[in-house]
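Engineer: Fold the following.
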Amino acid sequence: MPTAEQAIRCVILCQSLTNTFTPIFVVRLDERTGNVFLLGGDNIEIEIYRNGLWRFL
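Structural biologist: Next comes the predicted model:
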């Protein structure tokens, strides 16, 4: 299960992407690291850490 911080950040990022009409293809929890992976649009890859911080890959 993702942390509360990850869940909130994921919703915020997904809303930001869809506001610009960017499709979201994959939202997945990496069970090895506990990070959430988000794939959208033309090669937009985002990793959300357990503390809610995120970065583009």
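Engineer: Ends of stretch 49-57, what's the gap?
Structural biologist: Start and end residues of stretch 49-57 are separated by 12 Å (CA to CA, to the nearest Å).
Engineer: got a list of contacts for it?
Structural biologist: Outside stretch 49-57, the residues that touch it by CB atoms under 8 Å, 6 or more residues apart in numbering are 3, 5-6, 8-9, 13, 34-35, 44-48. C-beta here means a position set from N, CA and C on the backbone, and glycine is covered the same way.
Engineer: mind running it again at 10 Å?
Structural biologist: Applying CB atoms under 10 Å, 6 or more residues apart in numbering, the external contacts of stretch 49-57 come out as 2-10, 12-13, 33-39, 43-48.
Engineer: Just the ones in strands from the residues you listed, please.
Structural biologist: Counting by DSSP state E, the contacts of stretch 49-57 place 36, 37, 38, 39, 44, 45, 46, 47, 48 in strands.
Engineer: Quick check on the residues you listed: which are buried?
Structural biologist: Among those, those scoring as buried are 36, 38, 44, 46, 48 (criterion: 16 or more other CB atoms under 10 Å).
Engineer: Tell me which two of the residues you listed sit farthest apart.
Structural biologist: Spatial extent of those (CB to CB) is set by the pair 36 and 44 at 14.0 Å.
Engineer: In contact with the residue positioned nearest the centre of the chain, which residues?
Structural biologist: In the chain, the centroid-proximal residue (CA atoms, centre = their mean) is residue 38; its distance is 3.8 Å. The contact partners of residue 38, taken as CB under 10 Å, 6+ apart, are 9-10, 13-14, 17, 24-28, 44-48, 54, 57.
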